[in-house]
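In: The following block contains a protein sequence and its predicted model.
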Amino acid sequence: MLIKTVVVGPLQVNCYVIGDEDSKRALVIDPGDEPDRILRIIKEAQLQVDYVICTHGHFDHVGAVVDMQNETGAKVVLHGDELPVYSLAKNMAAFWGYEIEALPGPDMTVQEGDVLTFGRLSLEVFHTPGHSPGGICLYGENTLFTGDTLFAGSVGRTDFEGGDLSKLRDSFRRLMILPDNTEVLPGHGPASTIGREKRTNMFSAEFLHRK
């Protein structure tokens, strides 16, 4: 599995270009900004993008969706519960002093357990609400793309509209049952592993050991 990370936008979002090196089929996770940089990687690797996946609908993760869809013809994908957040991304961006284009409606919505296949590879959808109602993680090839659910040493904030600390705790617990050597690739910041997060994440003690 080919994985290219592009850190984009003023809020430093990790956008991931993931490809099957044999078939050249690919998907893009969280194209938040700077579409030219993302598209350059796609072109250099000679990839055909099947899906543009939004782990959630906050503006810093979806700002380049329009360009990505127009340039690649890929299907825009997000969880059904995230539609209200996604639809307000342009307004949320303006509130924070940024500007993004009006977003197209998603081509498909996913739910817990759905599988997205590209070439010989596939990623399974985990519904992980808490940071936002329809937040998702994507799991496959011993790799977990966590959006803003889980970071190295921390978790996503829950004070935005639709955030829920109790649900985030449950989502955290669910991720921690994955194998310790699972690579964690978050929406912001450095990579980690599930084992490392069990030991060092500042929320582990509270989320894993308290009812």
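Out: Done, it's in.
In: From now on I want contacts and neighbour counts done on CA atoms only, so please keep to that.
Out: OK.
In: Which secondary structure state is assigned to residue 104?
Out: coil (DSSP: H, G, I helix; E, B strand; the rest coil).
In: Look up the closest residue to it, ignoring the ones flanking it.
Out: residue 66 (6.8 Å; Cα to Cα, 6 or more residues apart in numbering).
In: Residue 100 is in contact with that neighbour, correct?
Out: No: if you go by Cα atoms under 8 Å, residue 66 and residue 100 don't touch, sitting 9.3 Å apart.
In: List the residues that contact the closest residue to residue 193 other than its chain neighbours.
Out: Among residues not flanking residue 193 along the chain, residue 183 sits closest, at 4.5 Å (Cα to Cα, 6+ apart). Residue 183 makes contact with 142, 143, 144, 191, 192, 193, 194, according to Cα atoms under 8 Å, 6 or more residues apart in numbering.
In: and with 6 Å instead?
Out: Residue 183 makes contact with 143, 144, 193, according to Cα atoms under 6 Å, 6 or more residues apart in numbering.
In: which among those residues end up buried?
Out: 143, 144, 193 (16 or more other Cα atoms under 10 Å).
In: if we can go back for a sec, residue 66 and residue 100: who's more crowded?
Out: residue 100 (20 against 17; other Cα atoms under 10 Å).
In: neighbours of residue 111, just the number please.
Out: Neighbour tally, residue 111, other Cα under 10 Å: 16.
In: List the buried residues in the lowest-mean-pLDDT helix or strand in the chain.
Out: None of the helices or strands of the chain scores lower by mean pLDDT, DSSP states H and E than helix 204-209, at a mean of 88. Using 16+ other Cα under 10 Å as the test for burial, helix 204-209 gives 204, 207.
In: and that helix, what other elements does it pack with?
Out: Contact here means 3 or more Cα pairs under 6 Å, 6 or more residues apart in numbering; DSSP states H and E; on that basis helix 204-209 packs against no helix or strand.
In: and residue 14, what helix or strand is that in?
Out: Residue 14 is located in strand 13-19, with elements delineated by DSSP states H and E.
In: Poorly predicted segments of the chain, please.
Out: Within the chain, the stretches falling below the threshold (pLDDT under 70) are 210-211.
In: all strands for it, in order.
Out: All strands of the chain, identified by DSSP state E, fall at 2-8, 13-19, 25-29, 48-53, 75-79, 108-110, 115-118, 121-127, 136-140, 143-147, 150-151, 154-155, 183-186, 192-193.
In: Same list (the buried ones among the contacts of residue 183) but as TSV, adding distance to residue 95.
Out: As requested, the buried ones among the contacts of residue 183 are exported to TSV (distance: Cα to Cα, whole Å):
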residue	distance to residue 95
143	34
144	31
193	34
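In: And those, which is closest to residue 77?
Out: Closest approach between the buried ones among the contacts of residue 183 and residue 77, by Cα to Cα: residue 144, at 17.3 Å.
In: my guess is that closest one contacts residue 184, does it?
Out: Yes: look at residue 144 against residue 184 with Cα atoms under 6 Å: they come within range, at 5.0 Å.
In: burial of residue 179, as a residue count?
Out: When neighbours are counted by other Cα under 10 Å, residue 179 comes out with 12.
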